[in-house]
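*Asks:* dropping a prediction and its sequence here:
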Amino acid sequence: MQLNRYHLIALAIKYQGEYGRIAKAIKTREVIEEYVCSNAITILDPDYPLKFHQLEEPPFVLFYHGRKELLNDDPAAVIGSRNPCFYAVKATEELCQALKKRHTIVSGMAKGIDATAHKAALDRTVGVLGCGIDYIYPAINQKLFTEVKKNGLLISEYPGFIKPYAYHFPFRNRLIAALCDKLFVMEGKFKSGTMTTVEAGLQLGKEIYVLPFDLYADLANNTLIAEGAVPIDRSSFFEY
């Protein structure tokens, strides 16, 4: 069988977006009927994001809703805690208002910093999901999901209504890191999804910018700065 984009889409749907199972099916040349899908980009397509090719495990298929051209519109990632403090939320709002003049804002569609970033750049934002492209998670983001779908872009390796499993999110975070040249960390605990995204970004040679906190904050922010990340400076919001 000569593999084409329609076979890849069929495999992604059959194996629910699970990378390892799709890769095995490709390696064993599994025979499968072609499947036509209007909202999918495959690794064989010319509009597939070039930056994903730098990953050891680039997604075979991306399902999407919205404006796929935003994938190549100089994306910058803004990430952080699901339960942020007021300081981090306010800084995220101001930063994203400035960044969206030059960058598409990418985040993970979680509550907290992710949701704040998406809302601040609604017509120029990409939400990267850790569940099926049609599954709204968390439920509190139902309105945001609809607005980003209409005005920006949603992408996922997982088709349809695949539920969000815990192991999806670290894997999802590699896409956030790969898609952008700059990662802005607004608030992150030492053991968190934020840090898995930072680690993926560092492995890919991305620029890491971090919001400084006070001396006694039990967060990874100041440690990242001490290790070489660039402190986020409010006076430079329009220069990033």
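*Replies:* Good, I have the coordinates. Because the structure is a prediction, the values reported are computed rather than measured. Numbers count the residues shown, from 1 in each chain.
*Asks:* isn't Phe60 right next to Ala10, touching?
*Replies:* No. Phe60 is not in contact with Ala10 according to Cβ atoms under 8 Å; the separation is 11.0 Å. For the C-beta atoms, the positions are set from N, CA and C on the backbone; glycine is no exception.
*Asks:* these two: who's more crowded?
*Replies:* Phe60 (23 against 19; other Cβ atoms under 10 Å).
*Asks:* who's in contact with that one?
*Replies:* Phe60 makes contact with 8, 11-12, 19, 22-23, 26, 42-43 under the criterion Cβ atoms under 8 Å, 6 or more residues apart in numbering.
*Asks:* could I get the residues you listed as CSV with distance to Leu129?
*Replies:* Converted to CSV, these look like this (distance: Cβ to Cβ, whole Å):
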residue, distance to Leu129
Leu8, 19
Leu11, 19
Ala12, 14
Tyr19, 15
Ile22, 17
Ala23, 20
Ile26, 23
Thr42, 18
Ile43, 18
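*Asks:* closest one of the residues you listed to Gly132?
*Replies:* Ala12 (11.1 Å; Cβ to Cβ).
*Asks:* contacting residues for the closest one?
*Replies:* By Cβ under 8 Å, 6+ apart, the neighbours of Ala12 are 22, 40, 60-61, 63, 157, 159.
*Asks:* ok, it to Pro46 distance?
*Replies:* 18 Å (Cβ to Cβ, to the nearest Å).
*Asks:* all helices in this structure, in order from the N-terminus.
*Replies:* For the chain, the helices defined by DSSP state H occupy 5-14, 19-27, 86-99, 113-120, 142-151, 168-179, 193-203, 221-226.
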